[in-house]
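Chemist: here is a sequence together with a model predicted from it:
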Amino acid sequence: MSSSTTSEPGVSSSSLQAAFCFRCIECGDTSEKAGQDFRCAHCGDLLEITYPRWGNTELRADELKSTWKQRRLSTIPADLSGVWRFRDLLPPLANEDNTITLREGNTPLYQLPRCSRVTGVPHLFAKHQGMNPTGSFKDTGMTVAASFARQAEFRWVACASTGNTSASMAAYAARGGLRSLVLVPDGKISWSKLSQALDYGAVTCQLRTDFDGCLRLLQELVRRAPVYQLNSINPFRLEGQKTLAIELMEQLDWQPPDHIIVPGGNLGNSSAIGKALLEMLKLGLISRLPKLSVIQAEGANALVRTLRDGAGKRLVPVQAETRATAIRIGNPASWKKAVHVLSETGGACEDVSEVEIAQAKAEIGAEGIGCEPASAVTLAGLKKLVRQGFVKPQDSVVLVLTGSLLKDPDFTMEFHRGEMFRGSDKESDSAALDALRRPPIVLDATLDAILRTLAQFEKAKS
Ligand code: F0G
């Protein structure tokens with residue numbers, strides 16, 4: 001591996017006279033440069049990107065809205081990207097030729113009529129980030145962070161991942177002529193995600209540890225080798241992921257919903273969405289804040305425990321276990337950022353069971369939309385928040401679906417074949433799911449057999 005050609009490691013904003021800078025979320029220290037570990041040089045905590053020039057009212061809300069609308073008519077690559085179209089609120093690249101884009105973002109906002117009936121919430125929508133180029137929300141952050149990696153002239157990029165980050169990173173690295181190194185927990189990511197990383201040409205290492213172990217090693221690696229880290233510790237990732245919220249508000253004609261509900265794993269995405277909401281409020285793009293709520297799997301509920309047992313002041317890590325492997329994370333890196341945005345927006349944090357996740361996933365599938373298991377925690381969480389009275393029936397709610405149904409076909413097949421909870425202590429709870437199951441039917445290849453099946457289903461429906 002040859003070393004990076006930058007004179008010093010790290011990423012600087014100085015060439016643009018501090019159009020943005022890095023600020024430590026703990027001690028507040030600001031700097032125009034970040035080290036390869038993207039941690040504060042003084043206290044070691046995470047960094048966030050801030051924009052000192054925004055204070056000078058350089059940005060006017062009405063002008064921004066009309067510029068973003070205008071760009072929809074343009075055919076230049078930056079405007080075709082649903083991320084870079086909002087570049088006025090992103091860190092600018094010194095040289096735009098470094099932009100690596102796959103036309104990410106531009107994701108649909110769907111109404112969910114069936115799920116509305118299930119939850120009793122008529123104004124229910126899904127922002128489907130699984131419709132991104134590699135099938136997950138990671139692409140919106142990756143286009144920004146990978147472009148900055150290329151600008152800093154790194155040859156290698158790397159990430160630890162539960163699957164989606166690695167698929168996305170591998171794709172953007174390939175598009176940008178960078179080499180990529182993937183660290184994933186052996187046996188704990190879906191084949192679809194793993195196969196994406198392989199096809200996009202990543203060097204893929206399956207480590208005999210969990211995600212948290214992979215991330216620990218990656219952080220050591222970037223201190224030792226000229227490798228640019230693309231986990232969500234990298235604040236450029238979160239700047240790109242902010243555009244989910246900006247695009248959502250534009251789709252809602254700048255009328256914020258009452259609630260946005262997002263799955264929580266390493267907690268980068270909730271932090272990014274919250275940051276965007278706070279920035280939009282400050283810039284006058286929206287006039288009030290939606291409540292941003294985070295939902296976790298019961299077996300990977302570090303944020304729930306951190307708020308409950310640690311008063312939001314100290315991380316309470318867990319030994320993570322869930323079939324929603326994307327969020328099988330026990331030691332979330334961005335927990336402080338997430339605690340901050342939950343408290344600023346007045347959102348809730350809840351966990352849901354494996355049976356609730358499977359049920360919600362099938363219900364979202366039955367809408368003709370579908371999502372991966374981790375995304376389905378949002379609907380399961382909404383049901384809980386309605387029961388608790390936190391979400392009122394008249395409220396408008398947006399669920400952030402983070403990944404495509406095609407990301408985890410094993411989960412879907414096991415569910416529909418009725419194998420998922422068979423023989424486990426959850427078997428009796430899961431009986432209620434039978435009505436949602438649609439197992440494949442093996443038949444003799446005759447018209448009669450097909451007609452009989454059709455009749456059976458028609459009868460069952462009436
Ligand atoms: N949903 C999906 C589909 C994910 O892949 C992830 C995280 C999350 C939700 C949680 O987002 O970590 O920002 O809180 N996946 C990471 C990965 C960790 O490596 O692909 P988060």
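Modeler: Arrived safely, thanks for sending.
Chemist: list phi and psi for Pro393.
Modeler: Here is the backbone geometry of Pro393 (degrees, to the nearest 10): phi -60, psi -30.
Chemist: swap that for Glu321, sorry
Modeler: Torsion angles, degrees, to the nearest 10, at Glu321: phi -150, psi 120.
Chemist: contacting residues around it?
Modeler: Neighbouring residues of Glu321 by Cβ atoms under 8 Å, 6 or more residues apart in numbering: Gly299, Ala300, Arg328. C-betas here are computed from N, CA, C, even on glycine.
Chemist: closest to the ligand among those residues?
Modeler: Arg328 (8.7 Å; Cβ to the nearest ligand atom).
Chemist: tell me how far that closest one lies from Glu298.
Modeler: 12 Å (Cβ to Cβ, to the nearest Å).
Chemist: so what's in contact with those two at the same time?
Modeler: Residues within reach of Arg328 and of Glu298 at once, by Cβ under 8 Å, 6+ apart, are Thr322.
Chemist: among the contacts of Glu321, who's most crowded?
Modeler: In terms of neighbours by other Cβ atoms under 10 Å, the contacts of Glu321 top out with Ala300 at 27 neighbours.
Chemist: thought that residue was touching Ala326?
Modeler: No. The pair Ala300 and Ala326 does not pass the contact test of Cβ atoms under 8 Å, sitting 9.9 Å apart.
Chemist: overlap of the contact sets of the two?
Modeler: Contact criterion Cβ under 8 Å, 6+ apart; residues shared by Ala300 and Ala326: Gly265.
Chemist: and Leu379, what does it touch?
Modeler: By Cβ under 8 Å, 6+ apart, the residues touching Leu379 are Cys115, Thr119, Ala360, Glu363, Ile364, Leu399.
Chemist: and if you look at Thr101?
Modeler: By Cβ under 8 Å, 6+ apart, the contact list for Thr101 reads Pro77, Ala78, Leu80, Ser81, Val83, Trp84, Thr143, Ser147, Arg175.
Chemist: verify the stated contact: the fifth one with Ala146.
Modeler: No. Val83 lies out of contact with Ala146 (Cβ under 8 Å); the separation is 11.4 Å.
Chemist: how about the strands in the stretch 351-462 of the chain?
Modeler: When assigned using DSSP state E, counting those that start in this stretch, the strands of the stretch 351-462 of the chain occupy the ranges 396-401.
Chemist: can you tell me which residues in it are near the ligand?
Modeler: By Cβ under 6 Å from any ligand atom, the residues of the stretch 351-462 of the chain that approach the ligand are Glu372, Ala374, Ser375, Thr402, Gly403.
Chemist: can you tell me which two in the residues you listed are farthest apart?
Modeler: Spanning the widest gap among these are Glu372 and Thr402, at 7.4 Å by Cβ to Cβ.
Chemist: need the overlap of contacts for those two.
Modeler: Common contact partners of Glu372 and Thr402 (Cβ under 8 Å, 6+ apart): Gly130, Ser136, Ala326.
Chemist: which of these tops the neighbour count?
Modeler: Of the shared contacts of Glu372 and Thr402, with other Cβ under 10 Å as the count, Ala326 tops at 31 neighbours.
Chemist: nearest spatial neighbour of that residue, skipping sequence neighbours?
Modeler: Among residues not flanking Ala326 along the chain, Ala374 sits closest, at 3.7 Å (Cβ to Cβ, 6 or more residues apart in numbering).
Chemist: from Ala380, how far off is that neighbour?
Modeler: To Ala380, Ala374 is 11 Å away according to Cβ to Cβ.
Chemist: looking at the two, which has the bigger crowd around it?
Modeler: Shown here are Ala374 and Ala380; by other Cβ under 10 Å, Ala374 has more neighbours (32 against 25).
Chemist: mean confidence score for stretch 105-123?
Modeler: Mean per-residue pLDDT for stretch 105-123: 98.
Chemist: can you give me how far it is from the chain middle?
Modeler: Mean C-alpha position of stretch 105-123 versus that of the full chain (Cα atoms, centre = their mean, to the nearest Å) differs by 19 Å.
Chemist: which parts of it are buried?
Modeler: Neighbour counts over stretch 105-123 (16 or more other Cβ atoms under 10 Å) mark Gly105, Asn106, Thr107, Tyr110, Leu112, Cys115, Ser116, Val118, Thr119, Val121, His123 as buried.
Chemist: tell me how many other residues crowd the spatially closest residue to Gly310 that is not a sequence neighbour.
Modeler: The shortest distance from Gly310 to any non-neighbouring residue, by Cβ to Cβ, 6+ apart, is to Val316 (4.7 Å). Val316 has 17 neighbours, counted by other Cβ under 10 Å.
Chemist: how far does stretch 96-104 sit from the chain's center?
Modeler: Distance of stretch 96-104 from its chain centroid, counting by Cα atoms, centre = their mean, is 19 Å.
Chemist: ends of it, how far apart?
Modeler: Distance between the two ends of stretch 96-104: 17 Å, counting by Cα to Cα, to the nearest Å.
Chemist: is the residue lying closest to Thr345 once chain neighbours are set aside in a helix, a strand, or coil?
Modeler: In this structure, Thr345 finds its nearest non-sequential neighbour in Leu292, 4.3 Å apart by Cβ to Cβ, 6+ apart. Of the three states, Leu292 takes strand according to DSSP: H, G, I helix; E, B strand; the rest coil.
Chemist: then Thr209?
Modeler: Classification of Thr209 using three-state DSSP returns coil.
Chemist: could you check how many residues crowd around the closest residue to it other than its chain neighbours?
Modeler: Setting aside the residues directly before and after it, Thr209 is nearest to Pro185 in space (Cβ to Cβ, 6+ apart), at 6.1 Å. Neighbour count for Pro185, taken as other Cβ under 10 Å: 21.
Chemist: look up how far the ligand lies from Pro185.
Modeler: Between Pro185 and the ligand the computed distance is 10 Å (Cβ to the nearest ligand atom, to the nearest Å).
Chemist: tell me the bridge partners for that residue.
Modeler: On the basis of DSSP bridges, Pro185 is bridged to Leu207.
Chemist: spell out which parts of the protein neighbour the ligand.
Modeler: When proximity is defined by Cβ under 6 Å from any ligand atom, the chain lies next to the ligand at 136, 138, 161-165, 232, 263-270, 326-327, 372, 374-375, 402-403.
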